[in-house]
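Engineer: Next comes the sequence, and after it the predicted model I'd like to discuss.
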Amino acid sequence: EAGVAQSPRYKIIEKRQSVAFWCNPISGHATLYWYQQILGQGPKLLIQFQNNGVVDDSQLPKDRFSAERLKGVDSTLKIQPAKLEDSAVYLCASSLREGPYNEQFFGPGTRLTVL
Amino acid sequence: AQTVTQSQPEMSVQEAETVTLSCTYDTSESDYYLFWYKQPPSRQMILVIRQEAYKQQNATENRFSVNFQKAAKSFSLKISDSQLGDAAMYFCAYRSEETSGSRLTFGEGTQLTVNP
C-alpha cells in the first residue's frame, strides 16, 4: 500500500513570507497528524485531525499557523508569516483511527528553511 | 504533562554486537503506551517496537527487545546482532491511554552509528 505522501520535500523562504505544505495520508486512514521536528529535537505534535475535525491543536501557534483537512483526506499546513524559528522538518502522519494502539505511519517530511 | 528523556545523544556499536539505548519518562498516569521509532537519514520514521504499560512482559520484535521498568519509569531498547542498516536516529515516545487524542511525546533522540 502507498505510504503517506508529502510535498514539497524542501522549501526555502524569507522570513515574513508565507508557505504551505501538503499531505496525503494512507488511504482509509481517518486520523491525520502534523508534527514539527526542529533540528536536534524529537517531533512535537502541532495538530491532530479525526476525519475533518480537529482533535488536538493545543501546541499549534495559532497566530501564524493554520491547518485544514476539508474532505477528511488531504491536509494542508500553512505558516503566515514565517519566522526564523519555524525552520524545521514538518512531518505528516496518519493512522487508521484514533487511539494509542493504532500505529502512526509517517511521511518523509518537508524540510523548511527560513532565512 | 508527560516528558520523555533520552540521555544518550550518540551511541556506537560494532556490527554483530549488542547495544542498549536508554529512555526515561515522567508521567502521573497508569495507562499508557511506549514506543521506539527509527528515523534513518533522509528517510521516514518507522515504528520499531511498542509496549503497553499494563503488560509486565517485555516486548520483542526479532532482534529488538525492550526492558520496561514501570516503577522506575524506564524503557530501554536492546538491539542484538547489530547490522549496518540499524544506523539511524532512534526516538523513544510516550502515548497516553487516559486522555483524548493520540499525541506522541518524543524524546530528543539517540543517534546510533554501526561500525563495520
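Structural biologist: Sure thing, it's come through.

Engineer: make it CA atoms for all contacts and neighbour counts henceforth
Structural biologist: OK.

Engineer: which other helices and strands contact the worst-scoring helix or strand of chain B on mean pLDDT?
Structural biologist: Using mean pLDDT, DSSP states H and E, the weakest-scoring helix or strand in chain B turns out to be strand B:104-106, at a mean of 92. Contacts defined by 3 or more CA pairs under 8 Å, 6 or more residues apart in numbering or on different chains; DSSP states H and E place strand B:104-106 against strand A:44-50, strand B:3-5, strand B:88-96.

Engineer: Tell me who's in contact with the closest residue to A:I13 other than its chain neighbours.
Structural biologist: Among residues not flanking A:I13 along the chain, A:V114 sits closest, at 5.1 Å (CA to CA, 6 or more residues apart in numbering or on different chains). Contact partners of A:V114, counting by CA atoms under 8 Å, 6 or more residues apart in numbering or on different chains, are A:12-15, A:82-87.

Engineer: ok, of these, which one's closest to chain B?
Structural biologist: Using CA to the nearest CA, A:S87 comes nearest to chain B of these, at 16.4 Å.

Engineer: Which stretches in chain B count as strands?
Structural biologist: Using DSSP state E, the strands assigned to chain B run over residues B:3-5, B:10-14, B:19-21, B:24-26, B:32-39, B:46-52, B:60-61, B:64-69, B:74-79, B:88-96, B:104-106, B:110-115.

Engineer: What residues sit buried inside the worst-scoring helix or strand of chain A on mean pLDDT?
Structural biologist: For chain A, using mean pLDDT, DSSP H and E, the weakest element among its helices and strands is strand A:53-56, scoring a mean of 91. Residues A:54-56 are the ones in strand A:53-56 that count as buried (16 or more other CA atoms under 10 Å in any protein chain shown).
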